[in-house]
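Student: Provided below for reference: sequence and predicted model.
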Amino acid sequence: MPTAEYASVFVRVGPERLAEIERLVLALPRLLEGTLARCDLAFRPSTGFLAVGVHLDSAVHAPGSRDRLAFWTARAGGRTTPVAALSPGDLAQLRAHLAACELARAGVAPLALPDVAAAFFTEAGAPAGRPLDAQGPVLALDVGGDPGGAHWDPVRQVLFVHAPVAPAFGDELPLRLDLPGVPEPIETTGTVVAVVAASAAPPGRAGFALRLDAPPPSLAAVLEGAAVAGPGTRPGAAPRAPARAGETIAPPPRPSPPEEAPESAPATRRALVVDDDALLRRMLADALGARGFEVLTAPDALEGIRTLSDELLALDVLLTDVRMPGMDGEALVRMIRTAGGEADLAIVVVTGRLEPGMEPRLVAAGADAVLDKALGPERVAEAADAVVERRRAARTDA
């Protein structure tokens, strides 16, 4: 049987993320609409490296299955790559990581996946008593929060989600919405009615639009209150009709300085990633690149300082690990903030173990945000994107 192979890779995976990835794996036969031929599972507990090899039957035509795999993998904190698209060096690195995995299951057929996956994730350390079903993951969204998140467009009556990776057009997604002023998340469903691909959008403005399926009146009222209207909306403008399936839709605009000419091209945002873990460094760089950032990388704090010196005032955000050989991330943050010259630089610190007291200590040192690596590269990049936009908006308002 001819197959197309994809590698979904997760790093720094802990017990809670194991359960989330397990839900994704169990849902693969349904999400991939009969194209799943077999599945491979590999995990290295000492590093938290986890890989899911997905072999799709090339003879079965199921539009959107690859988009669906990439999207839900990203939401679970991983990255999906076609194995055939890997460079020889990246392929050798992937094989080396797989060879070091103590737990492995290869060639698992779809019908055997529930039993094999349950045993595999239990041995890997997933929490006891977790529900074992194939209902699939839920898309959790914070509506109306930071730029780069999800925003309600009251004109077209759609929820636009800023994301470089989108689900398949027409997919119905289970949603859990966190709304301003509402203590408990609201659960509903939404249908993907438009996709703005990263290749066709300005930097940071890719995403997809969801039409909510029969939202309760209370939800609609709250969404209206948290609304951010799409481009072209002005006070007193006549409302447009709700988005229809297949209609081209523009995402809500990002904040921009008032003096910026409307026709000017958006400035390229630049990021520096400092981490001694080469795989995670690459995944974070890829996730930021997908959000429109030009990305530089450094394997340690000293190399990061040299890059900062060369790129003085040309960077928008620094992502740095806490634990690195030589100078650690906290010392790097303090040096940057006390040395001067980079007061406007957004700094996001990532850590594989968020210990008590670490976050306030790093914020006091000058970090804008402290994130657990367990969120995964896509969500870390999303948060870094939001920090950059908050700083830009603050400078505009000043």
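Tutor: Sure, I can see it.
Student: make it CA atoms for all contacts and neighbour counts henceforth
Tutor: Noted.
Student: Can you list the residue ranges for helices in the stretch 1-150 of the chain?
Tutor: 15-31, 65-75, 88-99, 113-124 (DSSP state H, counting those that start in this stretch).
Student: Including mean pLDDT, mean neighbour count and distance to Leu318, could these go into CSV?
Tutor: Output for the helices of the stretch 1-150 of the chain, formatted as CSV (pLDDT from 0 to 100; neighbours: other C-alpha atoms under 10 Å; distance: least, C-alpha to C-alpha, whole Å):
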stretch, mean pLDDT, mean neighbour count, distance to Leu318
helix 15-31, 91, 21, 25
helix 65-75, 92, 22, 21
helix 88-99, 92, 13, 24
helix 113-124, 95, 17, 33
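Student: which parts of the helix or strand hosting Glu303 are buried?
Tutor: Following DSSP states H and E, the helix or strand that holds Glu303 is helix 301-310. Within helix 301-310, the residues scored as buried using 16 or more other C-alpha atoms under 10 Å are Ala301, Leu302, Gly304, Ile305, Thr307, Leu308.
Student: if we can go back for a sec, now the helices of the stretch 1-150 of the chain in JSON lines, with distance to Asp321?
Tutor: Below are these laid out as JSON lines (distance: least, C-alpha to C-alpha, whole Å):
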{"stretch": "helix 15-31", "distance to Asp321": "19"}
{"stretch": "helix 65-75", "distance to Asp321": "20"}
{"stretch": "helix 88-99", "distance to Asp321": "21"}
{"stretch": "helix 113-124", "distance to Asp321": "25"}
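Student: and of those helices, who's closest to Pro180?
Tutor: Nearest to Pro180, of all those, is helix 65-75, at 22.0 Å by C-alpha to C-alpha.
Student: quick check: angle from the closest one to helix 15-31?
Tutor: For helix 65-75 against helix 15-31, the angle by axes from the mean of the first three to the mean of the last three C-alpha atoms, to 10 degrees is 170 degrees.
Student: ok so, going back, would you mind putting the CA coordinates of the helix holding Glu303 into PDB?
Tutor: Presented in PDB, the C-alpha positions along helix 301-310 are these (Å, rounded to 0.1, in the frame of the first residue of the first chain):
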ATOM      1  CA  ALA A 301      23.300  33.100  26.400                       C
ATOM      2  CA  LEU A 302      26.800  34.300  25.400                       C
ATOM      3  CA  GLU A 303      26.100  33.700  21.700                       C
ATOM      4  CA  GLY A 304      22.700  35.400  22.300                       C
ATOM      5  CA  ILE A 305      24.400  38.500  23.700                       C
ATOM      6  CA  ARG A 306      26.700  38.600  20.700                       C
ATOM      7  CA  THR A 307      23.700  38.500  18.400                       C
ATOM      8  CA  LEU A 308      21.900  41.100  20.400                       C
ATOM      9  CA  SER A 309      25.000  43.400  20.100                       C
ATOM     10  CA  ASP A 310      25.000  42.900  16.400                       C
END
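Student: Name the strands paired with the following helix or strand past that helix and say parallel or antiparallel.
Tutor: Next along the chain after helix 301-310, taking DSSP H and E as the criterion, comes strand 317-321. Using DSSP bridges, strand 317-321 pairs in its sheet with strand 269-274 (parallel), strand 346-351 (parallel).
Student: From the chain's centroid, how far away is the last one?
Tutor: Here strand 346-351 is found 15 Å from its chain centre; the criterion is C-alpha atoms, centre = their mean, to the nearest Å.
Student: One more: stretch 188-202?
Tutor: 15 Å.
Student: swap in stretch 112-129?
Tutor: 25 Å.
Student: How much space separates the closest residue to Ser58 other than its chain neighbours from Cys39?
Tutor: In this structure, Ser58 finds its nearest non-sequential neighbour in Thr3, 4.9 Å apart by C-alpha to C-alpha, 6 or more residues apart in numbering. Separation of Thr3 from Cys39 (C-alpha to C-alpha, to the nearest Å): 11 Å.
Student: Find residues that contact each of those two.
Tutor: Shared contacts of Thr3 and Cys39 (C-alpha atoms under 8 Å, 6 or more residues apart in numbering): His55.
Student: more neighbours, the two?
Tutor: Ranked by neighbour count (other C-alpha atoms under 10 Å), Thr3 and Cys39 place Cys39 first, with 24 against 16.
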